[in-house]
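# predicted model, plus sequence, below.
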Amino acid sequence: MRQDPLDEQLLHKVAGRWLAALSDGSKELVALFDPDGSLQFAGAPHTAEELLGYGPAELLRLLPAELVHPADAALVAEAFRAVCATPGARHTLSFRARHKAGRFVAVQATAVNRLGDPVVRAVVVFARAAASTVAGSEVGDRASFVEVLNGTVRRAQLRPAQGFAVLVIELERYRMLLGSYGAAVARGVTEEVTRRLLPLLRPQDRLAQLADNEFALLLDGTADHERAAELVERIQQAVSQRMQVGGKEITTAAIVGIATSERRYERAEEVLRDAGVALNRARSQGRRQRAVFRTQMRLEDAAYMALLAELNAALHNDEFRVHYQPVVSLTTRSLVGFEALVRWYHPTRGIVAPSEFIAVAEDTGLIQALGERVLTLACRQMAQWHRRHRGVPPPYVSVNLSAKQVVEERIGDTILRILGESELDPSKLCLELTESAVLESQEAAASMIARLRRHGVRLALDDFGTGYASFSYLQKLPYDALKIDRSFVRQLGDGQRRDDRAIVHAIVVLAHNLNMEVVAEGVETAEQAAVVHGLACEYAQGYAFARPLDALAAEALIVARHRF
Ligand code: C2E
Ligand code: CA
Ligand code: CA
């Protein structure tokens with residue numbers, strides 16, 4: 001609601017003087033509002049422009065709805081109403097405001113009710129740039145991003161309607177910036193980009209920095225491409241605005257690769273890899289510099305094809321080895337088994353972790369040959385240890401099977417053949433399956449597993465607690481053991497999380513009632529070990545006891561009858 005011209009002028013004069021005194025040299029934008037929400041006056045012109053890109057006169061012509069992020073509008077309106085209702089009331093709030101350039105910036109505002117003040121007669125708002133975290137979003141690293149994304153991927157498998165999109169964002173010309181201005185300026189650029197990205201996000205979005213010049217963004221619950229596309233547009237706009245870093249004028253640009261849950265992913269690495277493939281495509285694409293992943297792109301991606309060729313060669317050259325991570329009895333503190341974890345002994349890159357190649361092996365069919373190799377190595381090794389160390393209680397070996405292996409028709413025959421050739425007692429082999437592996441191949445898996453179990457092979461449900469439908473699936477297959485995912489275990493240590501303890505305890509009790517053993521994964525501290533043991537979980541695995549060990553180190557533990 002606008003005043004008549006005379007009143008407005010008068011008000012500006014009075015309020016202007018008051019504000020000038022108040023906001024002199026201030027880093028804050030000062031604004032006066034009527035109780036109906038219309039802006040009467042905005043002071044501290046320099047700050048206003050720095051913060052939102054508008055001069056005070058321009059600000060006056062805008063409606064609050066044009067300035068506040070739609071998702072935050074209700075919150076802001078609510079806070080404003082509350083302040084208006086009580087003379088003298090004061091309230092501080094963070095929200096996203098639209099910059100003149102179109103991007104959203106994080107703003108922290110304090111509103112004070114001065115309606116009763118005869119000079120001011122307004123709600124006074126002081127606004128400033130908020131610290132770089134907005135609505136719960138923080139910048140994580142690759143490891144935490146992968147962990148969160150794995151949870152999202154598994155949820156999307158069980159509930160495809162709740163999709164997601166992952167953006168990989170690369171800064172253009174970063175190497176050049178680094179070369180000509182040095183590391184401090186380059187880092188400053190990354191920080192500035194982070195500051196510009198955060199306000200664009202919703203609380204459920206996750207941002208991570210993967211490398212100096214590379215970010216990943218998870219849009220959880222965004223099955224629709226429209227939001228992803230709209231956001232990419234705004235990201236590219238925000239990043240391409242000129243910036244001042246270390247006294248230098250700098251322009252960069254965001255190149256964006258996108259992968260969405262439309263392709264039914266099974267693990268985080270696959271999603272990141274495909275977004276990376278799309279990024280490579282986007283980079284070579286000229287002006288728009290963004291691309292959504294399509295399967296075909298993989299075959300056209302040089303890095304992907306090189307990895308594939310190398311993996312194939314690695315199988316022929318026998319470059320895969322198995323490391324063994326002890327599974328420990330929390331009661332006796334002795335070794336009960338090993339989990340076999342594959343490692344690629346790469347001739348030039350050293351030891352490569354499975355996260356870098358399992359997904360590629362899976363979507364090209366190499367996983368069958370690789371899985372067979374791991375089973376053979378693990379069974380042979382275990383049989384040899386049993387023969388050599390007869391006086392010691394023989395540990396079992398637990399081998400991971402991926403969904404792609406389980407659907408393969410001959411997998412049952414293959415496993416029985418390997419057991420026969422290695423002369424390993426079948427009851428000393430355990431197969432680890434995830435919920436999704438079972439889900440994808442229900443009938444085939446069920447009959448294959450029934451057959452193997454008749455031969456005495458054990459079965460464990462891996463990564464329990466990361467999916468949704470967990471409890472109901474427990475009864476579908478005759479598992480001998482259940483492995484509680486490390487994302488659960490990690491939270492048990494901090495005394496705050498009583499709910500998690502109750503959940504884990506419930507899982508353990510249920511498993512015991514169904515005649516299953518329970519193994520806690522990723523136990524990293526003595527405290528976590530004590531907590532899970534206290535919740536009736538009898539076995540554990542994790543850095544607190546031992547990292548995955550090569551065969552020599554693993555055998556040493558058997559020989560020494562090591563107590564953990
Ligand atoms: P997973 O089955 O959940 O295996 C456990 C992973 O957690 C291993 O990573 C292990 O090194 C790691 N880990 C063990 N203790 C701790 C701990 O205390 N803290 C933390 N933060 N991590 C711990 P790794 O060896 O990199 O394997 C990653 C995944 O790759 C495995 O997850 C499994 O899904 C897959 N994988 C590994 N080997 C094979 C294989 O031979 N075949 C198939 N199909 N998948 C495999
Ligand atoms: Ca496992
Ligand atoms: Ca696991």
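Cool, got the structure. Ligands and ions are numbered 1, 2, ... in the order given.
# please, which helix or strand holds residue 95?
strand 90-98 (DSSP states H and E).
# now for that strand, which elements pack on it?
When contacts are defined as 3 or more CB pairs under 8 Å, 6 or more residues apart in numbering; DSSP states H and E, strand 90-98 packs onto helix 45-52, helix 64-67, helix 70-85, strand 104-114. Every C-beta, even on glycine, is put in place using the N, C-alpha and C of the backbone.
# buried set for it?
In terms of neighbour count (16 or more other CB atoms under 10 Å), strand 90-98 has its buried residues at 91, 93, 94, 95, 96, 97, 98.
# could you do stretch 410-429 as well?
Judged by neighbour count (16+ other CB under 10 Å), stretch 410-429 contains these buried residues: 411, 412, 414, 415, 418, 419, 422, 424, 426, 428, 429.
# beta-bridge partners for the residue of the stretch 251-400 of the chain found nearest ligand 2, please?
In the stretch 251-400 of the chain, the residue found nearest to ligand 2 is residue 400; the distance is 4.6 Å by CB to the ion. For residue 400, the beta-bridge partners are residue 432 (DSSP bridges).
# what about residue 65, distance to residue 39?
Separation of residue 65 from residue 39 (CB to CB, to the nearest Å): 12 Å.
# between these two, which is the more surrounded one?
residue 39 (19 against 12; other CB atoms under 10 Å).
# right, and the more buried one touches residue 58 too?
No - taking CB atoms under 8 Å as the definition, residue 39 is not a contact partner of residue 58, at 11.0 Å.
# shared neighbours of these two, anything?
By CB atoms under 8 Å, 6 or more residues apart in numbering, residue 39 and residue 58 have no common neighbours.
# tell me the centre residue of the chain?
Nearest to the mean C-alpha position of the chain, counting by CA atoms, centre = their mean, stands residue 145 at 2.7 Å.
# does that one count as helix, strand or coil?
helix (DSSP: H, G, I helix; E, B strand; the rest coil).
# now the closest residue in space to it that isn't next to it in sequence, which residues is it bridged with?
In space, residue 145 comes closest to residue 208 once its chain neighbours are excluded; the distance is 3.6 Å by CB to CB, 6 or more residues apart in numbering. On the basis of DSSP bridges, residue 208 is bridged to residue 140, residue 216.
# is it true that residue 208 touches residue 140?
Yes - Residue 208 is within contact range of residue 140, at 4.3 Å (criterion: CB under 8 Å).
# higher neighbour count, the two?
Between residue 208 and residue 140, counted using other CB under 10 Å, the more crowded position is residue 208 (21 against 18).
# tally of neighbours for the residue of the stretch 251-400 of the chain closest to ligand 2?
Burial of residue 400 is recorded as 22 neighbouring residues (other CB under 10 Å).
# what's the angle from the strand holding residue 95 to strand 104-114?
150 degrees (axes from the mean of the first three to the mean of the last three CA atoms, to 10 degrees).
# now do strand 90-98 against helix 70-85, angle only.
Going by the same axes, to 10 degrees, strand 90-98 makes 150 degrees with helix 70-85.
# can you give me the strands for the stretch 451-564 of the chain?
Along the stretch 451-564 of the chain, the stretches classed as strands by DSSP state E, counting those that start in this stretch are 458-464, 481-484, 517-520, 539-540.
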